[in-house]
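Enquirer: below is the structure, and that's it, no one-letter string:
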């Protein structure tokens, strides 16, 4: 048995033991796909103790490359939208823009997709092509279509898939638009997060079909959701939980804040709920449904620190600070952002702050909402 075969077997055993890999068909599919084939261009490793995070390349046959390929962890494969591991020496301090998702999450999502052997699947976000290959091993290449936004990332994925003799329909473009030509699909699965579920996905999924996606937002909290598409073109389904985090689809990334509004203006009152609640992942996830286009930042002022929500699209804002064990909020613009947050979180609190996996998300032409 070769080194990579032994490492793959150990990875399969770990995923089975953790419960990520639950059924024999997916176990067989995962066993058939060598992950290192999708990482031959290397990956970036975080430099321990660096702040902000610095990244250093790990290239094929370099120290620990093969072992890391079969570790159950996400591996960054692109920095700043264009930079791949072979492009640099030393360290780089920029934001990751593409990665190979940890295998246990890939397999957990494929299991959660509830796919049948004769189903046709659209994957949004090819990435390295690893999850695409596992899908093809399970269903056959002729039943899998995958869309990648980044042309260079798509090219490397195609090369890796072809080396393995795997030839799905690979498209390059905006995955939020889906694939109208080959629709309808039985299943759509997204390996990037979306702030709002695109209407095109609903239109391209047959009634009764499912969409598995991570819904995130500009307050930096996200969860995995499985939606069933209904005859009327709406969709609904459970939040699966687990604080699943993916990079947001690039067309839905937050806009630049630019020049901040005058935060000394606006109407001031005592806040019912303080901004400290935004430190909690689940609270931020729930709050995002109330202020879907708001961003959160912290500002250090002379007299006190402030938590600020800014909605670039509407020009609305809310600034909160703590004063004598009370929270004070000032708000300006056409929409009262913190009023919306307090109302939404208040109804969640009245319901007993249920866990997210007790929630249902509904998507209609008017938008999306969360319910208990």
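Expert: Thanks, I have the structure now. Since this is a predicted model, take the numbers as computed values, not measurements. Numbering: from 1, shown residues only.
Enquirer: three-state assignment of residue 153?
Expert: Using DSSP: H, G, I helix; E, B strand; the rest coil, the structure places residue 153 in helix.
Enquirer: ok, now which ones touch it?
Expert: Contacts for residue 153 (C-beta atoms under 8 Å, 6 or more residues apart in numbering) come out as 77, 78, 98, 126, 127, 128. C-beta: built from backbone N, CA, C; applies to glycine.
Enquirer: likewise for residue 156?
Expert: 41, 128, 129.
Enquirer: which parts of the stretch 151-300 of the chain are strands?
Expert: Secondary structure of the stretch 151-300 of the chain (DSSP state E, counting those that start in this stretch): strands at 169-172, 185-194, 205-215, 223-229, 235-238, 267-270, 295-300.
Enquirer: any idea of the mean pLDDT for the longest one?
Expert: This points to strand 205-215. Mean pLDDT, strand 205-215: 97.
Enquirer: tell me the strands beside that strand, with direction?
Expert: With DSSP bridges as the test, strand 205-215 is paired with strand 185-194 (parallel), strand 223-229 (antiparallel).
Enquirer: in JSON lines, list these along with mean pLDDT.
Expert: Output for those, formatted as JSON lines (pLDDT from 0 to 100):
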{"stretch": "strand 185-194", "mean pLDDT": "96"}
{"stretch": "strand 223-229", "mean pLDDT": "97"}
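Enquirer: just send those back as CSV, with mean neighbour count too.
Expert: Below are those laid out as CSV (neighbours: other C-beta atoms under 10 Å):
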stretch, mean neighbour count
strand 185-194, 24
strand 223-229, 23
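Enquirer: contacting residues around stretch 262-274?
Expert: Contacts for stretch 262-274 (C-beta under 8 Å, 6+ apart): 299, 306, 308, 317, 319-320, 322, 326-333, 338, 341-342, 345-346.
Enquirer: are any of these buried, and if so which?
Expert: 306, 308, 317, 319-320, 322, 327-333, 338, 341-342, 345 (16 or more other C-beta atoms under 10 Å).
Enquirer: so which of the contacts of residue 153 are in helices?
Expert: Using DSSP state H, no member of these sits in helices.
Enquirer: what's the closest of the strands paired with strand 205-215 to residue 202?
Expert: Residue 202 lies closest, by C-beta to C-beta, to one member of those: strand 223-229, at 5.7 Å.
Enquirer: low pLDDT regions in the stretch 251-372 of the chain?
Expert: Low-confidence segments of the stretch 251-372 of the chain, defined by pLDDT under 70, are absent.
Enquirer: sorry, back to before: just the contacts of stretch 262-274: which are in helices?
Expert: Short answer: the contacts of stretch 262-274 in helices (DSSP H) are 338, 341, 342, 345, 346.
Enquirer: what helices and strands are in contact with the helix ranked longest in the chain?
Expert: Secondary structure of the chain per DSSP H: the longest helix is helix 3-18. Using 3 or more C-beta pairs under 8 Å, 6 or more residues apart in numbering; DSSP states H and E, the elements in contact with helix 3-18 are helix 24-31, helix 65-69, helix 103-112.
Enquirer: domain map for the chain?
Expert: Domain ranges of the chain: 102-251, 267-350, per automatic domain parsing.
Enquirer: need phi/psi at residue 302.
Expert: phi -60, psi -40 (degrees, to the nearest 10).
Enquirer: got a markdown table for the ones in helices among the contacts of stretch 262-274, with distance to residue 30 too?
Expert: Output for the ones in helices among the contacts of stretch 262-274, formatted as a markdown table (distance: C-beta to C-beta, whole Å):
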| residue | distance to residue 30 |
| --- | --- |
| 338 | 46 |
| 341 | 41 |
| 342 | 45 |
| 345 | 40 |
| 346 | 44 |
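Enquirer: look up which residues are beta-bridged to residue 248.
Expert: The partner residues for residue 248, given DSSP bridges, come to residue 193.
Enquirer: about what we covered before: which ones among the contacts of stretch 262-274 are found in strands?
Expert: 299, 306, 308, 317, 319-320, 322, 326-332 (DSSP state E).
Enquirer: looking at the residues you listed, which is nearest residue 192?
Expert: The closest of these to residue 192 turns out to be residue 308 (C-beta to C-beta; 27.1 Å).
Enquirer: list the contacts of the closest residue to residue 55 other than its chain neighbours.
Expert: Using C-beta to C-beta, 6 or more residues apart in numbering and skipping the chain neighbours, the partner closest in space to residue 55 is residue 44 (4.0 Å). Residue 44 is in contact with 55, 56, 57, 58, 75, 76, 77, 79, 85, 92, 96, counting by C-beta under 8 Å, 6+ apart.
Enquirer: quick one: buried ones out of those residues?
Expert: In the contacts of residue 44, the ones that pass as buried (16+ other C-beta under 10 Å) are 55, 57, 58, 75, 76, 77, 79, 85, 92, 96.
Enquirer: okay, those residues in a markdown table with pLDDT next?
Expert: A markdown table is the format used below for the buried ones among the contacts of residue 44 (pLDDT from 0 to 100):
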| residue | pLDDT |
| --- | --- |
| 55 | 96 |
| 57 | 94 |
| 58 | 94 |
| 75 | 95 |
| 76 | 94 |
| 77 | 95 |
| 79 | 93 |
| 85 | 94 |
| 92 | 93 |
| 96 | 91 |
